[in-house]
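Participant: sharing a model prediction with you, sequence too.
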Amino acid sequence: MAGTSPTEPATEPATEAFLAHRSLLFTVAYEMLGSAADAEDVVQETWLRWAGVDLGAVQNHRAYLVRIATRQALTRLRTLGRRKESYVGPWLPEPLLTTPDVAEDIELADNVSTAMMLVLETLTPAERAVFVLREVFGLEYDEIADAVDKSAAAVRQIAHRARAHVAARRPRGPVSPAQARDALDAFQRATRTGDLQGLLDILAPDVVFLGDGGGIKQAVLKPVSGAVAVSRLLAAGLRHLSQPVVSTRPAQVNGGPALILSFDGELDTVVTVRIDDGLVTGLYAVRNPEKLTHMTRETALRRCAAGSAAEATQLSRPAPGR
């Protein structure tokens, strides 16, 4: 395998197997980390270890690759935890411009949404790994046990605890693409026209706004809660949105509705929107430029292997209009 890259045409069984699962591995790592850059590093590290494996001794390629990726992600998750302790202001997951099929898979879209990723942040590393592998990707308990170096019995207990924890905090329920579009259209009209009453009509009473500038760009340093407080914050921002150099456009980010704000043609802010019962209950604005590098290309997220190695090589494609 020396000299072979996982991005080159698949000419060997190990390469073909890896390419068929690559998008799945990225999704596993991203769900565990909330960082696309770190998830890509995990995928690369997984490839380096997979390239030296004797395939004749591997019965289940998917389980084996996921085990490698999970162990690498757990190591990075602990490192990320230390980085977040010194992060300036709220830490939000890195937004991904996702392919249309992600939104169509309502369960996957719900699990990679910004709101759900923030819930996963409240789990311990082991709980997060077990929850993601069991609830999102449907691995058996013995497969998860191999990945996290615990007994199957211990994994069952962790899974039960993680499910209860997430159930008490997760979004109220999946939102259909049509519901998401309608709510986003109403929100966009209100922000574009400066209609404050329209904003209040679309904001839930308990709406929360979080901003992530990472100490690089200006952003709110604490969560803003309540429809009145959030509408006032947005009203202040609307004065800037009225400038001709500012443009907004809707997009599918992390499988859900979002607005992309650009200044002088340069990407400035990505606002993902959480919607429950037709009202906006969460607004998550990422301005940190280090987290916006994956917004120029669509990213494919999958819960299963690709149909072919050729399909798996299409991990990303230019965003529409770019």
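Facilitator: Thanks, I have it.
Participant: where in the stretch 51-200 of the chain is pLDDT low?
Facilitator: 173-174 (pLDDT under 70).
Participant: redo that, cut-off 90
Facilitator: 52-57, 59, 78-83, 85, 99-110, 169-200 (pLDDT under 90).
Participant: for it, which segments count as helices?
Facilitator: Here the stretch 51-200 of the chain has its helices, by DSSP state H, counting those that start in this stretch, at 61-85, 100-104, 106-112, 114-120, 125-131, 141-148, 152-167, 177-193, 196-202.
Participant: of all these, which one is nearest Glu45?
Facilitator: Closest to Glu45 of the helices of the stretch 51-200 of the chain is helix 61-85 (C-beta to C-beta; 4.8 Å). No exception for glycine: its C-beta is placed from N, CA and C like everyone else's.
Participant: and the helix or strand where Ala29 lies, what does it pack onto?
Facilitator: Ala29 is part of helix 13-33, with elements assigned from DSSP states H and E. With contacts defined as 3 or more C-beta pairs under 8 Å, 6 or more residues apart in numbering; DSSP states H and E, helix 13-33 has these neighbours: helix 36-50, helix 61-85, helix 106-112, helix 114-120, helix 309-312.
Participant: of all these, which lies closest to Pro171?
Facilitator: The nearest among those, by C-beta to C-beta, is helix 114-120 at 4.9 Å.
Participant: residue contacts, the residue lying farthest from the centre of the chain?
Facilitator: Most distant residue from the mean C-alpha position of the chain: Gly56, 34.5 Å away (C-alpha atoms, centre = their mean). If you count contacts by C-beta atoms under 8 Å, 6 or more residues apart in numbering, Gly56 has none.
Participant: all further residue positions should be reported with the first residue as 45.
Facilitator: OK, 45 is where the count begins now, so the last one is Gly100.
Participant: ok, now how distant is Leu124 from Thr90?
Facilitator: The spacing between Leu124 and Thr90, counted by C-beta to C-beta, to the nearest Å, is 17 Å.
Participant: between these two, which is the more surrounded one?
Facilitator: Taking other C-beta atoms under 10 Å, Leu124 and Thr90 do not tie; Thr90 has more neighbours (28 against 20).
Participant: hmm, back to that, put the alpha carbons of the helix holding Ala73 into CSV.
Facilitator: Coordinates of each C-alpha in helix 57-77 appear next as CSV, following Å, rounded to 0.1, in the frame of the first residue of the first chain:
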residue,chain,number,x,y,z
PRO,A,57,-9.3,-4.2,-2.2
ALA,A,58,-8.2,-2.1,0.9
THR,A,59,-8.5,1.1,-1.1
GLU,A,60,-11.9,0.2,-2.5
ALA,A,61,-13.2,-0.8,1.0
PHE,A,62,-12.0,2.4,2.5
LEU,A,63,-13.4,4.6,-0.2
ALA,A,64,-16.8,2.9,0.1
HIS,A,65,-16.9,3.8,3.8
ARG,A,66,-15.1,7.1,3.8
SER,A,67,-18.1,9.3,3.9
LEU,A,68,-19.6,7.1,6.7
LEU,A,69,-16.3,7.4,8.7
PHE,A,70,-16.3,11.2,8.3
THR,A,71,-19.9,11.3,9.6
VAL,A,72,-19.0,9.2,12.6
ALA,A,73,-16.1,11.4,13.5
TYR,A,74,-18.0,14.6,12.9
GLU,A,75,-20.9,13.5,15.1
MET,A,76,-18.4,12.7,17.8
LEU,A,77,-16.3,15.8,17.5
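Participant: next, the angle from it to helix 105-129.
Facilitator: Angle of helix 57-77 versus helix 105-129, following axes from the mean of the first three to the mean of the last three C-alpha atoms, to 10 degrees, is 40 degrees.
Participant: and helix 57-77, which residues are buried?
Facilitator: 58-77 (16 or more other C-beta atoms under 10 Å).
Participant: one step back: and of the helices of the stretch 95-244 of the chain, who's closest to Ile260?
Facilitator: helix 105-129 (14.3 Å).
Participant: give me the residues contacting the closest one.
Facilitator: By C-beta under 8 Å, 6+ apart, helix 105-129 touches 61-62, 64-65, 68-69, 72-73, 76-79, 82-83, 85-87, 89-90, 93-94, 97, 99, 102, 135, 169-170, 172-173, 177, 181, 183, 187, 190-193, 349.
Participant: rewinding a little: highest mean neighbour count out of the helices and strands packed on helix 57-77?
Facilitator: helix 158-164 (a mean of 23; mean count of other C-beta atoms under 10 Å).
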